[in-house]
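*Asks:* Below are the sequence and a predicted model; questions follow.
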Amino acid sequence: MELFHFALDNAGLLLSRTIEHIALVGVAVGIAALTGVPIGIAITKNERVAQSVLYLASIIVTIPSIALFGIMIPVLSLIGHGIGYVPAVIAVLLYSQLPIIRNTYTAINNVNPALREAARGIGMSPNQRLRLVEIPLAVPVIMAGVRTAVVLNIGVMAIAAYIGAGGLGTFISRGISQSDPRQLIVGAIAVSLLAIIVDYSLLYLQKRLTPKGMSREAAAS
Amino acid sequence: MIRLDNLTKVFDTQKGAVVAADHINMEVPEGEICILLGPSGCGKTTTLKMINRIVKPTAGKVFINGDDTTGLDTQTLRRNIGYVIQQIGLFPNMTIEENITIVPKLLGWDKAKYKARAREMMAMIALEPDAFLKRFPSELSGGQQQRIGVARALAADPPVMLMDEPFGAIDPINRAVIQDEFLKMQQELNKTIMFVSHDIDEAIKMGDRVAVFREGKLVQYSTPDDLLAAPKNAFVESFLGEDRALKRLNLVKVREIVTDEIATVVPSDTLETAMAKIDDYGYQNAILMVNERKQPVGIINRSVARTTKGYCRDHFQAVPAVVDLDDDLRKAASLMFAHDQTWLPCVNDEGTVCGQITQRAMTSHLGARYRARQGDDRKPSAAIKE
């Protein structure tokens, strides 16, 4: 009950922190999708490059977020952004690469060879094949990668409060430093709820973006 | 017309170079269907796919309607060749209409023209345009999907079609139907078609010519009847099977060997007359009875005619079987076996009796080829075995 009252009393702050959180993750994953999808498509042309890129992206994900923020402080200090939202966005951007690149790569590579051959055989250029056949068919799997990235990084962004990025993590970090369980728990629940809600919203978007004729197949996966 | 000139494909594999197609020379005349036939790995598919460069030829040339295609841009070449594959390969993200109109769109047709074309194609493959054009491939049965696959290949009206085991994935009953439909379409369209198959029966049914491949080489290229009657070597013989002479029955229509010497009686004849005719014409078991419009209505058995007095109309039995002039000999033979007959009456389109077909005439017709060959100085097949 106490928690509920606390949340109600701070509803305005909770809302603005949530919006801040969404904006940070949204911008970061948005940029990640704009870079990751083309990279994922490009590496389907060369198996060896693909393995190296995926390996690199995997290594990045293994770096703990706190360590990544620590590394970026001296580097980004050079341009006056050692802490704050810039390193937070960069971290999320980096963490998002693996799920997005990997899913794009897998999806394009797994397009049924018969469809590829049909597309070649009727005289589509490589770009037309990509635009008319391969990308539309890959959309569900690419979107699944984006969803993974978003959910993963809603958690990462909570930690970014420690470097002053804002967001819902502020409740958690203050809760710990002020020994205030109310702030801590409200922050933690808010982050979890946000992750669940955003995941479902993106699932809905994924279904809308899936080409109509494929919705049966997509439902199975 | 499609002409292959020393078309060759060598694959570099870990085990060294493999010759998948070895100096293939052949020509398919305009408007004919040529079946590329052979066991798997014989080079038939490789040969087909070199024509639209899905497989890049190592050497040799492809001529279409007399023009060397070597200098043509790959996409332009492919857009002017219809291509049908076994896995069908309809794009699941596109509607039936979008699938059919894709090549016309690539070729830059205007919208009204390609939309009209889609409806035209649907009529050709006997699927209702309004019911199907807006649907997606996953909502159609396999047979319907492959009809759409054929429609897509034909949409831009290419002079040449390549078909890679197009009906291989369809169940036998639907396959026969779709083969018949396709042959009917081809009678109007007159496309020059290369068609890969590993099914000898399909090859005989669909092909104007059959090219048999083995280990990358073109072994024999001839009409189905020539192939079955005169296989070039032991490999072709064994590939065609021991019953290859029977398969020739498929290729001959009753019309070609029907004789008009058939004796009949009418219902008002006496059994005595019937008996006399049976003896005169040498029928072993029975004689056909026809009505005033010369339609078969019954048979008079020899035993009845010999032992009974009266009129034919009171002593006839049902006609066991008749064949149509357009039936093939396979059906005629099957009916003869099923009804233990040595001859069958033949009827024309109006259902009137126009002659008879006998077992002797059938064997003699098929045998003509073999007798002619014995006159050749062809070596017995055992001597050619490698």
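*Replies:* Received the coordinates, thanks.

*Asks:* make it CA atoms for all contacts and neighbour counts henceforth
*Replies:* Noted.

*Asks:* Any buried residues in the biggest helix by length in chain A, and which?
*Replies:* Longest helix in chain A, counting residues (DSSP state H): helix A:11-42. For helix A:11-42, a neighbour-count test (16 or more other C-alpha atoms under 10 Å in any protein chain shown) marks A:14, A:17-18, A:20-22, A:24-26, A:28-33, A:36-37, A:39-41 as buried.

*Asks:* Helices along chain A, start to end?
*Replies:* For chain A, helices defined by DSSP H occupy the ranges A:2-9, A:11-42, A:47-62, A:65-77, A:85-109, A:113-121, A:126-128, A:135-159, A:169-177, A:181-209, A:215-220.

*Asks:* Find the centremost residue of the chain, please.
*Replies:* No chain in the question, so chain A it is. A:Ala149 (2.6 Å; C-alpha atoms, centre = their mean).

*Asks:* Tell me if I'm right that that one and A:Leu94 touch.
*Replies:* No - the criterion here is C-alpha atoms under 8 Å, and A:Ala149 misses it with A:Leu94 at 10.1 Å.

*Asks:* Pull the contacting residues for B:Val210.
*Replies:* B:34-37, B:203-204, B:220-224, B:227 (C-alpha atoms under 8 Å, 6 or more residues apart in numbering or on different chains).

*Asks:* How about the residue of the stretch 101-250 of chain B found nearest chain A: what's its closest non-neighbour residue?
*Replies:* Per C-alpha to the nearest C-alpha, the residue of the stretch 101-250 of chain B with the smallest distance to chain A is B:Phe136, at 5.1 Å. Once flanking residues are discounted, B:Phe136 sits nearest to B:Thr95: 4.5 Å by C-alpha to C-alpha, 6 or more residues apart in numbering or on different chains.

*Asks:* outside of whatever helix or strand B:Gln144 lives in, which residues touch it?
*Replies:* Counting by DSSP states H and E, the element that carries B:Gln144 is helix B:142-154. With contact meaning C-alpha under 8 Å, 6+ apart, helix B:142-154 is reached by A:122, B:81-84, B:88-90, B:96, B:99-103, B:121-122, B:125, B:137, B:161, B:166-167, B:170, B:174-175, B:178.

*Asks:* buried stuff in the helix or strand that contains B:Ala203?
*Replies:* Using DSSP H and E, B:Ala203 sits within helix B:200-206. Of the residues in helix B:200-206, those buried under the neighbour-count criterion (16+ other C-alpha under 10 Å) are B:200, B:202-206.

*Asks:* And for stretch B:293-304?
*Replies:* Going by neighbour count (16+ other C-alpha under 10 Å), the buried part of stretch B:293-304 is B:294-302, B:304.

*Asks:* sorry, back to before: quick one: the buried residues of helix B:200-206 as TSV, columns for pLDDT and distance to A:His81 too.
*Replies:* Shown next, in TSV, are the buried residues of helix B:200-206 (pLDDT from 0 to 100; distance: C-alpha to C-alpha, whole Å):
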residue	pLDDT	distance to A:His81
B:Ile200	92	75
B:Glu202	94	74
B:Ala203	94	74
B:Ile204	92	78
B:Lys205	92	77
B:Met206	94	74
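
*Asks:* Please list the residues of chain A that sit near chain B.
*Replies:* A:114-115, A:117-118, A:120-125, A:133, A:136-137, A:211-214 (C-alpha under 8 Å from any C-alpha of the partner chain).

*Asks:* Are any of the residues you listed buried, and if so which?
*Replies:* Using 16+ other C-alpha under 10 Å, the buried members of these are A:114-115, A:117-118, A:120-124, A:133, A:136-137, A:211-214.

*Asks:* low-confidence ranges in the chain?
*Replies:* I'll assume chain A. A:215-221 (pLDDT under 70).

*Asks:* Sorry, I should have been clearer: chain B.
*Replies:* Where chain B drops to pLDDT under 70, the residues are B:373-386.

*Asks:* need the contact list for B:Arg117.
*Replies:* Per C-alpha under 8 Å, 6+ apart, neighbours of B:Arg117: B:101, B:155.

*Asks:* so what's residue 120 up against?
*Replies:* Answering for chain A, as no chain was given. Counted by C-alpha under 8 Å, 6+ apart, A:Arg120 has contacts A:129, B:54, B:78.

*Asks:* right idea, wrong chain: chain B
*Replies:* Taking C-alpha under 8 Å, 6+ apart as the definition, B:Glu120 has no contacts.

*Asks:* so it, which of the three states?
*Replies:* helix (DSSP: H, G, I helix; E, B strand; the rest coil).

*Asks:* Same question for B:Ala17.
*Replies:* strand.

*Asks:* Got phi/psi on B:Trp343?
*Replies:* phi -150, psi 160 (degrees, to the nearest 10).

*Asks:* quick one on the thing from earlier: just the buried residues of stretch B:293-304: which are in helices?
*Replies:* B:302, B:304.

*Asks:* Could you list which of the buried residues of stretch B:293-304 belong to strands?
*Replies:* B:296-301 (DSSP state E).

*Asks:* restrict these to those near chain A?
*Replies:* Applying C-alpha under 8 Å from any C-alpha to those, none is adjacent to chain A.

*Asks:* Mind putting these into JSON lines with distance to B:Thr264?
*Replies:* Output for those, formatted as JSON lines (distance: C-alpha to C-alpha, whole Å):
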{"residue": "B:Pro296", "distance to B:Thr264": "9"}
{"residue": "B:Val297", "distance to B:Thr264": "11"}
{"residue": "B:Gly298", "distance to B:Thr264": "10"}
{"residue": "B:Ile299", "distance to B:Thr264": "9"}
{"residue": "B:Ile300", "distance to B:Thr264": "10"}
{"residue": "B:Asn301", "distance to B:Thr264": "12"}
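
*Asks:* out of those residues, who's nearest chain A?
*Replies:* B:Pro296 (53.3 Å).

*Asks:* Contact partners for the closest one?
*Replies:* B:288-290, B:319, B:352-353.

*Asks:* what do you get for B:Asp324?
*Replies:* B:254, B:346-349.

*Asks:* ok, the nearest residue to it once chain neighbours are set aside - how many residues close by?
*Replies:* Nearest residue to B:Asp324, sequence neighbours excluded (C-alpha to C-alpha, 6+ apart): B:Val347, at 5.1 Å. The local packing of B:Val347 (other C-alpha atoms under 10 Å in any protein chain shown) involves 21 other residues.

*Asks:* Equivalent analysis for B:Ala131, please.
*Replies:* B:Ala131 - counted by other C-alpha under 10 Å - has 8 other residues nearby.
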